[in-house]
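Participant: Following is a predicted model, sequence given first.
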Amino acid sequence: MAISSPTRRKPLGELLGGAATQAALAGILAAGVVLCVAELLGTFFTARLTPLFALGSTFIDFTPSWLKDFAIAAFGTNDKAALLAGMAFTIMVLACLLGVLAYRKWWAGVSGVILMGTVIVACVLTRAGAQQLDVLPTAAGTVAGIVVLRLLVNLVPRHGAGGRPREGGQSGAGGQSEAGEATGSQPGSSRRFFLMAGWTAAAVAVMAVGGQMLGAARNAALQARSALKLPAPARAAPPVPPAVQSSTPGVDPWLTPNDDFYRIDTALRVPDIDAGSWALRVHGLVEEEITLTFQDLLDADLIETYVTLACVSNPVGGDLVGNAKWLGLPLREVLARARPLAGADMVLSTSVDGFTASTPLEVLQDDRDAILAVGMNDEPLPLDHGYPVRMVVPGLYGFVSATKWLVDLEVTRFADKEAYWTQRGWSERGPVKTMARLEVPRESARVPAGRVAVGGTAWAQHVGISGVEVQVDDGDWSEAMLSQEVTVDAWRQWSFDWEAVPGRHELRARAVYNSGQVQTERKANPVPDGASGWHTITVTVE
Ligand SMILES: Nc1nc2c(c(=O)[nH]1)N[C@H]1C(S)=C(S)[C@@H](COP(=O)(O)O)O[C@H]1N2
Ligand SMILES: [Mo]
């Protein structure tokens, strides 16, 4: 853009107010209008497969797995927010270009908006369950975007390189935009531009907030869930004894509240499942194919279990792990009805949004309580955690077992089918690695000299923790005090009294299981089957 003489330096204010900047702003606002109009109409007419959702999901699908792994590692449960921020940034940059392009050559700007609309339409149409009518909101958004771009670009001042008003023709659809050219070169149009831009930005904001509110109000699953009363369990879990909690203040609660429970999944928007029409198909290598409705589950003999769920992406010492009381139907009973055929060794579970997990068949048939869960901590499953039905399998990482928004179980063989994360370089099986986590004091904490309460949580899934040992610097390992165990499928807390002397110290913890086996010291990254190593922190004693 030759909008300023290269020899004369312009003050910053003038540069910001320059034609290029205004054109870029026009592009951003036009893109905002396309997205918000499309999203608002999409929410109004479907509330399900909206343009932004389709665009974001496609963006996530096309994100290479190394970048996804990085996002989970760097941002944890905010991984999706981070990826979406990346998407928003990309759109902003492209929209700036679009504005400048439209300013120089109007037809190029129109083509840009149409291209944007086409990309969104392609995203919408390639999502599962798309219908042809789902194209309309984006089409309307595209038209609105072109109109707004035209209005704004017309108000951007037109000056040639030497500061002369540029004669028409450069932009405009083949020089047919005389009105715009004329308005653009009039003095004071900069103020009119910003007035118009301000109104557009306000309209975009109102549409964005309105779309959000409308989407929430229309979320039928949220409403159905709050009206749902879970049945009493046929086999209730014992109440949680107070002695499960570490005596060290500040250690996480033994039972993780639903709102604090980590969330990891590939779903950009939480599926909105109608429990009334929900059905689970059990098929594949079985003698009898069966279908369960949600009512079938509620009417069955449900059991309560305490199970600690862990994510394979959890780093040593990390917090992608939680412990809840689950209510559900044992999967071994479901499988006993379906009667798997000889040769089957895996159950591939599929969620409504296409995520899959491969779980060894024998783990779902043995005496551990792998369940089809409908309740979490005395409530129906929260939408984020799989409403209406998910799997909970003691001893296995979530990516190979804990399918949320479950709709399909196929009895099959590891040799025949591969699950979602296995296709992306993660392991085929995922037993949870034994781990002791130091929670108090925190990494890099400063503590006063004298008696310091140390504490944390440890798990040896489906085996049980038989000890936790703590080491200060290179000293001897000492036994920590274990809190009460409730079940081998849930984590166990511990505490340790440390006589701290001034200086910088390393604190290390390791778990002991199977009466005497020590958690491996070998450091491993989460990929492909979970992190390992002793959790070590540094603290300063003053
Ligand atoms: N439908 C669906 N289920 C899923 C996933 C997913 O991406 N989609 N992620 C799995 C993974 S990797 C984990 S660790 C657990 C996490 O369950 P939570 O979000 O309830 O803590 O869900 C599992 N179930
Ligand atoms: Mo996970």
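Facilitator: Cool, the structure landed. Ligands and ions are numbered 1, 2, ... in the order given.
Participant: what sits against the one residue in the stretch 1-150 of the chain that gets nearest to ligand 2?
Facilitator: In the stretch 1-150 of the chain, the residue found nearest to ligand 2 is residue 72; the distance is 8.2 Å by Cβ to the ion. C-beta coordinates here come from the backbone N, C-alpha and C atoms, glycine included. Contacts for residue 72 were tallied using Cβ atoms under 8 Å, 6 or more residues apart in numbering; they are 79, 264, 313.
Participant: Please give the element, helix or strand, for it.
Facilitator: Assessed by DSSP states H and E, residue 72 sits inside helix 65-75.
Participant: after that helix comes which helix or strand?
Facilitator: Assigned by DSSP H and E, the successor of helix 65-75 is helix 79-104.
Participant: Quick check: what element follows that next one along the chain?
Facilitator: Taking DSSP H and E, what comes next after helix 79-104 is helix 106-126.
Participant: got a list of contacts for that following helix?
Facilitator: With Cβ under 8 Å, 6+ apart as the criterion, helix 106-126 contacts 27, 30-31, 34-35, 38, 49, 51, 54-55, 57-58, 94, 97-99, 101-103, 130, 132, 134-135, 138-139, 141-142, 145-146, 149-150, 153, 171-174, 177.
Participant: just to revisit the earlier point, residue 371: which of the contacts of residue 72 is nearest?
Facilitator: Nearest to residue 371 out of the contacts of residue 72 is residue 264 (Cβ to Cβ; 19.5 Å).
Participant: Assess the claim that the closest one and residue 77 are in contact.
Facilitator: Yes: using Cβ atoms under 8 Å as the test, residue 264 is close enough to residue 77 to be in contact (6.6 Å).
Participant: Next one, pLDDT for the most centrally placed residue in the chain please.
Facilitator: Among the residues of the chain, residue 80 comes closest to the average C-alpha position under Cα atoms, centre = their mean, at 4.5 Å. We have a pLDDT of 77 for residue 80.
Participant: How about residue 473?
Facilitator: With respect to pLDDT, residue 473 scores 97.
Participant: Contacts only, for it.
Facilitator: Contacts for residue 473 (Cβ under 8 Å, 6+ apart) come out as 505, 506.
Participant: Which helix or which strand is home to the nearest residue to residue 208 once chain neighbours are set aside?
Facilitator: Computed as Cβ to Cβ, 6 or more residues apart in numbering, the closest residue to residue 208 that is not its neighbour in sequence is residue 36, at 5.3 Å. Secondary structure assigned from DSSP H and E places residue 36 in helix 19-45.
Participant: likewise residue 467?
Facilitator: Per DSSP H and E, residue 467 falls inside strand 465-472.
Participant: So what's the gap between stretch 420-434 and the chain middle?
Facilitator: With Cα atoms, centre = their mean, to the nearest Å as the basis, stretch 420-434 stands 18 Å off its chain's centre.
Participant: can you give me the mean pLDDT across it?
Facilitator: On average, stretch 420-434 scores 96.
Participant: Torsion angles phi and psi at the nearest residue to residue 443 once chain neighbours are set aside?
Facilitator: Nearest residue to residue 443, sequence neighbours excluded (Cβ to Cβ, 6+ apart): residue 537, at 4.4 Å. The phi and psi values for residue 537, taken as degrees, to the nearest 10, are phi -130, psi 160.
Participant: and residue 537, how many neighbours?
Facilitator: Number of residues near residue 537 (other Cβ atoms under 10 Å) recorded here: 20.
Participant: about what we covered before: now for the helix holding residue 36, which elements pack on it?
Facilitator: With contacts taken as 3 or more Cβ pairs under 8 Å, 6 or more residues apart in numbering; DSSP states H and E, helix 19-45 sits against helix 51-62, helix 79-104, helix 106-126, helix 136-155, helix 189-217.
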